[in-house]
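Participant: Here is a sequence together with a model predicted from it:
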Amino acid sequence: MGGTQGNDIWGWFDPQSGDEYALVGLTNGTAFVNVTNPENPVFLGRLPTATVGATWRDIKVYQNHAYVVADGAGQHGMQVFDLTRLRGVTSAQNFAADVVYGDFGSAHNIAINEATGFAYAVETNTCGGGLHIIDIGIPISPMFAGCHATVATHDTQCVVYQGPDPDHQSHEVCISSNVNHVEVVDVTTKSAPVTLSTAVYPQLGFLHQGWLTEDHRYFLVGDETDEVSFNVPTRTHVFDLSDLDAPQYVFAYEAPTRAIDHNLYVLGNRVFEANYTSGLRVLQFGDLANEELQEIAFFDTFPASDAAEFDGAWNVYPYLPSGTLIVNDVTNGLFILSNP
């Protein structure tokens, strides 16, 4: 795909054609791959980086548009690309962004709440490293909407809350992974977000990224350095968010490897984890209050090692309607897998 290394990945389903696409992060840009026929993927080309190459690139999708940020790439900003331009493309080509949002330069990650049409860039050079909020209701015309300044927010998930806490029903909240704590923020009023609570867990190294269960009761999170810092196996930490004002730590699931865990996503009662050198790990949960969480499948994208090193599976996207899984490996590239 013309990149020296891989990083993030996201997916797009074309509602008009029914085609499915992998949006593959590379050090030097974003690659587009049609994966409708998973046994015969078609590389369609690349959107080059807006500035220089970067180890960290992040991609999300809203209303048939891709939003791309990069960390350590100077004044990269946020590229906006109309994905419908991929329709009918059959040979690889270079694309240009439709617009670049420039109210920040560097950003480590971006989250989008598709229910409200707001994007949340995190660990930017603005907003104290916290949430940089962007109105993307008009996808091609992003507009600054607010800040939540805090310690560096490394990743976040923002939803219209429909969980068990009656005090915050239908409020827009972000559950953020802030390096040394989980933070729950009410962002209903974009000009004045409010921190509701923070939480930690034992042997905390670098609280990296997490995802809510679909009922918004539990938050599962990974730690990027606890394996090395505390000589523990890969761990998935579980919080009970029944009370957003007072999250409760429940337990840590321990995997059969010591690989570093990176990004995880929840679909139904399954957790799809990109765990660097141990590849994709698929967990299934029952009653999390009773610690019912176990591994049911894995695919090792980096068979050379399971060491606690920053190589292997960077990210997984499990939300294509067909059930096809797409995984991006730092060294070994794009993997297209069937869902177990």
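Facilitator: Great, that's in hand. Numbers count the residues shown, from 1 in each chain.
Participant: rest of the way, CA atoms for contacts and neighbours
Facilitator: Will do.
Participant: how about the strands of the stretch 201-340 of the chain, start to end?
Facilitator: 207-212, 218-223, 235-240, 248-254, 263-267, 270-274, 280-285, 293-299, 313-317, 325-329, 333-337 (DSSP state E, counting those that start in this stretch).
Participant: same check, this time on the stretch 1-150 of the chain
Facilitator: Taking DSSP E, counting those that start in this stretch as the criterion, the stretch 1-150 of the chain carries its strands at 6-13, 20-26, 29-34, 42-48, 56-62, 65-71, 78-82, 93-94, 99-101, 109-113, 118-122, 131-135, 143-148.
Participant: For those, could you give me CSV that also reports mean pLDDT and distance to residue 199?
Facilitator: Compiled in CSV, these are given as follows (pLDDT from 0 to 100; distance: least, C-alpha to C-alpha, whole Å):
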stretch, mean pLDDT, distance to residue 199
strand 6-13, 98, 27
strand 20-26, 98, 31
strand 29-34, 98, 35
strand 42-48, 98, 39
strand 56-62, 98, 26
strand 65-71, 98, 26
strand 78-82, 98, 30
strand 93-94, 96, 44
strand 99-101, 98, 33
strand 109-113, 98, 21
strand 118-122, 98, 19
strand 131-135, 98, 18
strand 143-148, 98, 18
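Participant: what's the closest of those to residue 322?
Facilitator: strand 20-26 (8.4 Å; C-alpha to C-alpha).
Participant: Can you give the contact residues for the closest one?
Facilitator: 3-14, 30-36, 55, 57-59, 320, 326, 328, 334 (C-alpha atoms under 8 Å, 6 or more residues apart in numbering).
Participant: Neighbouring strands - and their directions - for it?
Facilitator: strand 6-13 (antiparallel), strand 29-34 (antiparallel) (DSSP bridges).
Participant: Same list (these) but as a markdown table, adding mean neighbour count and distance to residue 132.
Facilitator: Below are the strands paired with strand 20-26 laid out as a markdown table (neighbours: other C-alpha atoms under 10 Å; distance: least, C-alpha to C-alpha, whole Å):
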| stretch | mean neighbour count | distance to residue 132 |
| --- | --- | --- |
| strand 6-13 | 25 | 20 |
| strand 29-34 | 24 | 22 |
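Participant: Turn these into a markdown table, columns for distance to residue 243.
Facilitator: Compiled in a markdown table, the strands paired with strand 20-26 are given as follows (distance: least, C-alpha to C-alpha, whole Å):
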| stretch | distance to residue 243 |
| --- | --- |
| strand 6-13 | 31 |
| strand 29-34 | 39 |
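Participant: Show the contacting residues for the residue nearest the centre of the chain.
Facilitator: Residue closest to the mean C-alpha point of the chain, counted by C-alpha atoms, centre = their mean, is residue 263 at 6.4 Å. By C-alpha under 8 Å, 6+ apart, the contact list for residue 263 reads 208, 209, 210, 222, 273, 274, 275, 314, 315, 316.
Participant: repeat that with 10 Å
Facilitator: Taking C-alpha atoms under 10 Å, 6 or more residues apart in numbering as the criterion, residue 263 is in contact with 8, 155, 208-211, 221-224, 272-276, 280, 313-317.
Participant: do the same with residue 318
Facilitator: 10-11, 264-267, 270-273, 324-327, 337, 339.
Participant: Buried only: go through the residues you listed for me.
Facilitator: For these, a burial check counting by 16 or more other C-alpha atoms under 10 Å picks out 10-11, 264-266, 270-273, 324-327, 337.
Participant: what's the closest of those to residue 244?
Facilitator: residue 266 (19.3 Å).
Participant: Please name the bridge partners of that closest one.
Facilitator: residue 271.
Participant: Can you tell me which of the strands paired with strand 20-26 is nearest to residue 43?
Facilitator: strand 29-34 (4.4 Å).
Participant: relative to strand 56-62, how tilted is that closest one?
Facilitator: Comparing the axes of strand 29-34 and strand 56-62 via axes from the mean of the first three to the mean of the last three C-alpha atoms, to 10 degrees yields an angle of 50 degrees.
Participant: Show me how far strand 29-34 is from its chain's centre.
Facilitator: 17 Å (C-alpha atoms, centre = their mean, to the nearest Å).
Participant: cool, and stretch 174-184?
Facilitator: 14 Å.
Participant: Equivalent analysis for stretch 31-40, please.
Facilitator: For stretch 31-40, the distance to the chain centre is 20 Å (C-alpha atoms, centre = their mean).
Participant: Can you show me the CA trace of that stretch as CSV?
Facilitator: Only the C-alpha atoms of stretch 31-40 are listed here, as CSV (Å, rounded to 0.1, in the frame of the first residue of the first chain):
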residue,chain,number,x,y,z
ALA,A,31,-4.9,3.7,2.3
PHE,A,32,-8.3,2.8,0.9
VAL,A,33,-9.0,-0.9,0.3
ASN,A,34,-12.2,-2.4,-1.0
VAL,A,35,-12.8,-5.6,1.1
THR,A,36,-16.3,-6.4,-0.2
ASN,A,37,-14.9,-9.7,-1.4
PRO,A,38,-12.6,-10.4,1.5
GLU,A,39,-10.6,-13.0,-0.4
ASN,A,40,-9.9,-10.6,-3.2
